[in-house]
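Visitor: below are the sequence and a predicted model; questions follow.
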Amino acid sequence: MGSANYDSSINLNLSIGSLQGSDILRIKQLHDATQQSFHDAAKLQKADRSTEEMRLAVEENGRLKRMLAIIRERHCALRAQVLRLMRSSAASSSTSMRTSNRKIGKQEINGSRRVSNRQVVEDSRPRIVKIYVRDGDLVMRDGYYWRKYGQKVIRDNPYPRAYFRCSFAPLCPVKKKVQRSAEDKSVHVVIYEGEHNHVQPSPGKPLNYMT
DNA sequence: CGACTTTGACCTGCGC
DNA sequence: GCGCAGGTCAAAGTCG
Ligand SMILES: [Zn+2]
């Protein structure tokens, strides 16, 4: 069931400002543990196919599933918190500008893997948050409900840009644009615009997804 | 049947 | 004013 290359689909590297503390570390550890367990489970299933082992594997699978759900929920919560933080810190943008407004930590392609991930390019009054999210094929859940209301092909970009509106509250003015990076297909550029006027719906439950 | 996508048409700001 | 590019509308379609 679980595949050995599962790690490619869960790639939570949240590195933002000063928030990359113990939370991310903990999630990473959980993730690694899950990965290890997936490996073990796969090995078990392949090694011998006695029903006892099978039962154990199924049991393990259930536990792992639960663990994964927890991880996902925490990841979702963390991401929402990051968004909130960015928005609230954007409110006090009078004297102290943030770090370099341009490129913060782009990609340091030195050895093998790029570590770039999320960066804020926040600017302007009406709370615009731009996020570069890289996560293979993990569904992008940010804890809100979105209704798609348009899609356009942007010049010099082979991939279309999708327009979403927050549909949790009918009066919520928040909009969201999603578009893929021209070069790296695994990078989505998400632009949040506006501020929610309602509480966040239950995080981690059924939400929309897109690829 | 209601909520959401899809998709072409329509609108708008901007440079020429 | 015209044309283009980006943003939005809304009718028709899809799904549970
Ligand atoms: Zn909202």
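Guide: Good, I have the coordinates.
Visitor: bridged to the one residue in chain A that gets nearest to DNA strand C, which residues?
Guide: Nearest residue of chain A to DNA strand C (CB to the nearest atom of the strand) works out as residue A:150 at 2.8 Å. (C-beta placed from N, C-alpha, C; glycine too.) Per DSSP bridges, the residues bridged to residue A:150 are residue A:163.
Visitor: do stretch A:155-169 and DNA strand B meet?
Guide: Yes. Under the criterion of CB under 7 Å from any atom of the strand, DNA strand B is reached by stretch A:155-169 at residue A:167.
Visitor: span of that stretch from start to end?
Guide: Length of stretch A:155-169, first residue to last, CA to CA, to the nearest Å: 33 Å.
Visitor: hmm, who's touching it?
Guide: A:144-154, A:172-180, A:182, A:185, A:194, A:196-198, A:201, A:210 (CB atoms under 8 Å, 6 or more residues apart in numbering).
Visitor: so for the residue of chain A closest to DNA strand C, what's the pLDDT?
Guide: With respect to pLDDT, residue A:150 scores 95.
Visitor: check residue A:44 too.
Guide: Here the pLDDT value assigned to residue A:44 is 51.
Visitor: right, and the helix or strand after the helix or strand that contains residue A:82?
Guide: Using DSSP states H and E, residue A:82 falls within helix A:51-91. Sequence order places strand A:128-134 as the next helix or strand after helix A:51-91, per DSSP H and E.
Visitor: do any residues in that next one lie close to DNA strand C?
Guide: No. Using CB under 7 Å from any atom of the strand, strand A:128-134 never reaches DNA strand C; the gap is at least 10.3 Å.
Visitor: could you export that strand as PDB, CA atoms only?
Guide: The C-alpha coordinates for strand A:128-134 follow below in PDB (Å, rounded to 0.1, in the frame of the first residue of the first chain):
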ATOM      1  CA  ILE A 128      -1.400  41.300  -0.400                       C
ATOM      2  CA  VAL A 129       0.500  38.200   0.500                       C
ATOM      3  CA  LYS A 130       2.500  36.400  -2.100                       C
ATOM      4  CA  ILE A 131       3.700  32.900  -1.300                       C
ATOM      5  CA  TYR A 132       5.900  30.500  -3.200                       C
ATOM      6  CA  VAL A 133       4.800  27.100  -2.200                       C
ATOM      7  CA  ARG A 134       6.600  24.100  -3.300                       C
END
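Visitor: right, I'll call it a day here.
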